[in-house]
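Asker: Sequence plus the predicted model coming up.
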Number of protein chains: 2
Amino acid sequence: MDEPVLLTGAGGHVGRAILEGLGDAYDWRLLYHNPPAEEPDHPYWTGEVESHADVAPAAEGVGAIVHLAGDPRPSAPWDSVLANNIDGTHTVYEVAVEEGVEKVVYASSNHAIGAFETDERTPEMYRADDDFRLDGTELPRPGNKYGVSKVAGEVIGRYFHDTHGIAVCNIRIGNLNEDYPPVDYERGQAMWLSMRDCAHIHERALDAEYGYETVYGISDNDRKYYSIERAREALGYEPQDNSAHWDGTEYVGPDG
Amino acid sequence: MDEPVLLTGAGGHVGRAILEGLGDAYDWRLLYHNPPAEEPDHPYWTGEVESHADVAPAAEGVGAIVHLAGDPRPSAPWDSVLANNIDGTHTVYEVAVEEGVEKVVYASSNHAIGAFETDERTPEMYRADDDFRLDGTELPRPGNKYGVSKVAGEVIGRYFHDTHGIAVCNIRIGNLNEDYPPVDYERGQAMWLSMRDCAHIHERALDAEYGYETVYGISDNDRKYYSIERAREALGYEPQDNSAHWDGTEYVGPDG
């Protein structure tokens, strides 16, 4: 992607992972909800993501949008996810059409399919020897209203892809964390996404060619119930990390 | 269903088909958007479906809700479907939880999957000898914002089923019409739903036992690209009509 790329939600956790890993790789335009504490290295705007007037100036002339903005709380109340996540995502796509943006990479979430984690399936589904896998072809089952809003955002993308030809990649992000998950936190190990794998999957989503994709964004953990095959195939995702490489005391990975 | 049943959107096209066919079959409570022109045969309320204060009184003590209310226009703008269809459906489910409602039958739409009708597939997919079928297990592909809102409503139902145990049936209604479709309107013939089949599928959805279902609501047309097998299996739906029973001049069905 040679054209500028708009990053919405630049001040959030995922936004920071992307800017840390890919700050020099693209000509970023940043949209913040609140003014950043430190002066960013790229042009930036502040505003409400559901406001067309706030988003449009930041999107002028960009070739792609990485859309992360929204209420990130799994416990967020309905009114907040309705405005920030559902209406906000619609605004971003509307602006994308107006600006002739070719591609939108959308931060979906493991919460889009959180209700698959039933009492019957857990904790077995978190384990390396269990073969339960979600691969993005299943019908969504959100376990909270935040998850409902993320599914709605995916469907908004489906609509804008089908009717306006925008390339769309929904990345169902696992648990992004700088540290390896605790060894006794099975669920966390299964959906861990390292900071560098997070940056990498977004780089691949920006640079690969595709039409409409829904992929899982986790590291190559031994424990997993999300398949990363589609991310490998469609994006060329090659994760470097694995939650099993930390035994609670030290790094025990292949390069250890 | 022996307990009272709330019908939202009672003044709409589907609501009239249901009340014509099933007016005496249930103890209806009716919610209208605008005051009805004639005094209804059942207790009624008027209000905005997204307003908790407007919906809650109508739902008091009901055992089930048939939720039809919303902006029915395929061309409806985003702000309207966001408020009336998405937020409105959330309000209905919230009230359902508060009132201990057991079941919600939700008027979804063929527009939830309208973008499957691509130039490559049409008009062949409308024909009786074509084997393209949607059966409710496919990922939605709305072709307009109204369709996006209907998919969101289905997902809201999925969430409330999974987390609150409400039985949910999403009925993707075809083209409800009192008259047989024109013989040269292939698409219309393929998705025709007669008035009595419309009433019947809602009766079955109210009386059958299930957890979470998404079914297609069309008559047993020779032409079809929606499977009605799931409606038959899960609900016991037995449609009586078929768009092919009208040759443009007279009834040519099996009882003709």
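Answerer: All right, it came through fine.

Asker: Around chain B, pick out the residues from the stretch 101-250 of chain A.
Answerer: A:115, A:137, A:139-145, A:147-148, A:151-152, A:155-156, A:158-159, A:162-163 (Cβ under 8 Å from any Cβ of the partner chain). All C-beta spots, glycine's among them, are computed from the backbone N, C-alpha and C.

Asker: residue in the stretch 151-256 of chain A nearest to chain B?
Answerer: A:Asp162 (4.0 Å; Cβ to the nearest Cβ).

Asker: Does A:Asp130 fall in a helix, a strand, or a coil region?
Answerer: Here A:Asp130 is coil, with the state taken from DSSP: H, G, I helix; E, B strand; the rest coil.

Asker: That one: neighbour count?
Answerer: 16 (other Cβ atoms under 10 Å in any protein chain shown).

Asker: and if you look at A:Val101?
Answerer: Neighbour tally, A:Val101, other Cβ under 10 Å: 24.

Asker: where's it relative to chain B, distance?
Answerer: Between A:Val101 and chain B the distance is 18 Å, computed by Cβ to the nearest Cβ, to the nearest Å.

Asker: A:Asn84 too?
Answerer: To chain B, A:Asn84 is 13 Å away according to Cβ to the nearest Cβ.

Asker: Next, the contact list for that residue, please.
Answerer: A:Asn84 sits next to A:48-50, A:69-71, A:76 when contact means Cβ atoms under 8 Å, 6 or more residues apart in numbering or on different chains.

Asker: same deal with A:Gly236?
Answerer: A:204, A:208.

Asker: Which residue ranges of chain A form strands?
Answerer: With DSSP state E as the criterion, chain A has strands at A:5-8, A:28-32, A:44-46, A:64-67, A:103-109, A:167-173, A:175-176, A:192-193, A:212-217.

Asker: of those, which approaches B:Ile228 most closely?
Answerer: strand A:212-217 (28.0 Å; Cβ to Cβ).

Asker: So which elements touch that closest one?
Answerer: Judged by 3 or more Cβ pairs under 8 Å, 6 or more residues apart in numbering or on different chains; DSSP states H and E, strand A:212-217 is in contact with helix A:145-164, strand A:167-173, helix A:195-207, helix A:229-230.

Asker: Look at A:Val95 and report its pLDDT.
Answerer: For A:Val95, the pLDDT comes out at 98.

Asker: Let me have the helices and strands packed on strand A:212-217 in JSON lines, extended by mean neighbour count.
Answerer: Listed next are the helices and strands packed on strand A:212-217 as JSON lines, based on neighbours: other Cβ atoms under 10 Å in any protein chain shown:
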{"stretch": "helix A:145-164", "mean neighbour count": "25"}
{"stretch": "strand A:167-173", "mean neighbour count": "26"}
{"stretch": "helix A:195-207", "mean neighbour count": "23"}
{"stretch": "helix A:229-230", "mean neighbour count": "16"}
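
Asker: As TSV, the ones you listed with mean pLDDT would be great.
Answerer: Below are the helices and strands packed on strand A:212-217 laid out as TSV (pLDDT from 0 to 100):
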stretch	mean pLDDT
helix A:145-164	98
strand A:167-173	98
helix A:195-207	98
helix A:229-230	98
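
Asker: For A:Leu6, which of these is the nearest?
Answerer: Ranking those by their distance to A:Leu6 (criterion: Cβ to Cβ) puts helix A:195-207 first, at 11.3 Å.

Asker: and the residue in the stretch 1-150 of chain A that chain B sits nearest to, how many residues sit next to it?
Answerer: Here the stretch 1-150 of chain A gets closest to chain B at one residue, A:Ala115, 4.0 Å apart by Cβ to the nearest Cβ. A:Ala115: 18 surrounding residues under other Cβ under 10 Å.

Asker: Sketch out the low-pLDDT regions of chain A for me.
Answerer: By pLDDT under 70, the low-scoring segments of chain A are A:256.
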